[in-house]
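Asks: Following is a predicted model, sequence given first.
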Amino acid sequence: MRYDIFETVWGWFGIVENNSRLAATFLPAAARVVEAAIRSRWTTADHEPGLMPKLQKQVVAHFDGRPTNFAGELDMSELTSFRQRVIAACRCVPFGELASYQDLARAAGNPTATRAVGSTMANNRWPLIVPCHRIVRSDGTIGGFSSPSGVSEKQRLLRHEGVEFPQSTKERMGGRLSRRSLVASK
């Protein structure tokens, strides 16, 4: 396991890498906060400055306001196949767009599993790279966000992408997303 923290205009962003795959990301905060969060989970991880340089450039570009499609393989070895499909579907939701938990459940092949999708998003180890901040309730309201700053951070990330809340129902969702449209947009 290796990690790095690097500066963005929003603060210090953290990445953890395992066998050339992204194991986790940490949203911007003070450098000591991000490093402490990484070290608390991966106590033996080695700090490697400049780790995953392409990803670092993409993250910096995103926080500079440039829409970015984050490339790279995720370390999903600990996830069930359903959760892996949910993560893959979430990665297909474009910058500035929204999808619902139900949209992701459909895309993952189980349209009634909205609670399982919510749990997957609440435990997302790759915030920003897996844009769980773009996932809202079916009625178009914002829903929750599992970060130290909670929903206010979700709103900040969405405002950065041009999405404002409160929203009218489905205003920015563009209707339902099918499994095919989520997979095709990847």
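Replies: Now that the structure is in, tell me what you want to look at.
Asks: Does residue 71 touch residue 54 like I think?
Replies: Yes - the criterion here is Cβ atoms under 8 Å, and residue 71 meets it with residue 54 at 7.0 Å. No exception for glycine: its C-beta is placed from N, CA and C like everyone else's.
Asks: Which strand residues bridge residue 7?
Replies: When assigned by DSSP bridges, residue 7 has beta-bridge partners residue 12.
Asks: please renumber so the chain begins at 58
Replies: Understood, numbering begins at 58; the last thing we discussed is residue 64.
Asks: pLDDT value on it, please?
Replies: Confidence at residue 64, expressed as pLDDT, is 97.
Asks: how many neighbours does it have?
Replies: Counted with other Cβ atoms under 10 Å, residues neighbouring residue 64 total 13.
Asks: which one is the residue in the chain sticking out farthest from the centre nearest to, not counting chain neighbours?
Replies: What lies farthest from the middle of the chain is residue 101; by Cα atoms, centre = their mean that is 24.8 Å. Closest residue to residue 101 apart from its sequence neighbours, by Cβ to Cβ, 6 or more residues apart in numbering: residue 58 at 6.8 Å.
Asks: on that earlier part again, find residues that contact each of residue 128 and residue 111.
Replies: Contact criterion Cβ atoms under 8 Å, 6 or more residues apart in numbering; residues shared by residue 128 and residue 111: none found.
Asks: rewinding a little: how much space is there between the residue nearest to residue 101 and residue 186?
Replies: Distance, residue 58 to residue 186, by Cβ to Cβ, to the nearest Å: 17 Å.
Asks: Looking only at neighbour counts, state which of those two leads.
Replies: Taking other Cβ under 10 Å, residue 58 and residue 186 do not tie; residue 186 has more neighbours (24 against 17).
Asks: wouldn't the more buried one be in contact with residue 126 here?
Replies: No - using Cβ under 8 Å, residue 186 makes no contact with residue 126, being 10.2 Å away.
Asks: So which bits of stretch 103-114 are buried?
Replies: Of the residues in stretch 103-114, 108-109, 112-113 count as buried by neighbour count, 16 or more other Cβ atoms under 10 Å.
Asks: now stretch 85-104
Replies: Buried residues in stretch 85-104, counted by 16+ other Cβ under 10 Å: 85-86, 90-92, 94-95, 99, 102.
Asks: Now for residue 196, how many residues are close by?
Replies: Applying other Cβ under 10 Å, we find 12 other residues in the vicinity of residue 196.
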